[in-house]
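**Student:** here are the coordinates; sequence isn't available:
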């Protein structure tokens with residue numbers, strides 16, 4: 001009985017884990033990720049502030065603009081040398097660059 005219960009619950013542990021996307025994957029599958037309303041989880045470095053609440057997020061594959069509201073910024077300031085985790089919605093439009101909009105707090109790794 002215990003083995004059956006363990007066999008049924010073990011796959012749920014793997015389903016609960018969220019996949020980390022690279023920025024390259026987000027750019028490649030932006031149209032699909034937008035229509036599915038998926039929150040993507042990306043590890044990268046915030047390298048520059050380009051607007052009031054717009055930042056450049058960069059990883060080894062590419063860079064992308066991320067809109068991060070003040071309420072989602074970490075309390076402790078971060079530098080471009082610290083890896084952060086951003087959870088955001090993908091914003092895709094025809095003849096527009098792909099951007100992200102943070103919908104959860106940005107965390108340090």
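**Tutor:** Nice, I can see it. Here the structure is a predicted model, which means the values were calculated and not measured.
**Student:** Centroid-nearest residue for the protein?
**Tutor:** The centroid of the chain falls nearest to residue 41 when counting by CA atoms, centre = their mean (3.0 Å).
**Student:** doesn't that one fall inside a strand?
**Tutor:** Yes: remark: residue 41 belongs to a strand, assigned using DSSP: H, G, I helix; E, B strand; the rest coil.
**Student:** in the sheet, who's paired with it?
**Tutor:** residue 20, residue 87 (DSSP bridges).
**Student:** Tell me the pLDDT of it.
**Tutor:** Residue 41 is assigned a pLDDT of 95 by the prediction.
**Student:** Ok, residue 108 next?
**Tutor:** For residue 108, pLDDT reads 81.
**Student:** Distance of it relative to residue 25?
**Tutor:** Plainly put, residue 108 is 22 Å away from residue 25 if you go by CB to CB, to the nearest Å. In this view, the C-beta of every residue, glycine as well, is placed from N, C-alpha and C.
**Student:** Next up, the contacts around the residue nearest to the centre of the chain.
**Tutor:** Contacts of residue 41 were listed using CB atoms under 8 Å, 6 or more residues apart in numbering, and they are 18-21, 85-87.
**Student:** Give me the buried entries from those residues.
**Tutor:** Among the contacts of residue 41, those buried by neighbour count (16 or more other CB atoms under 10 Å) are 21, 86-87.
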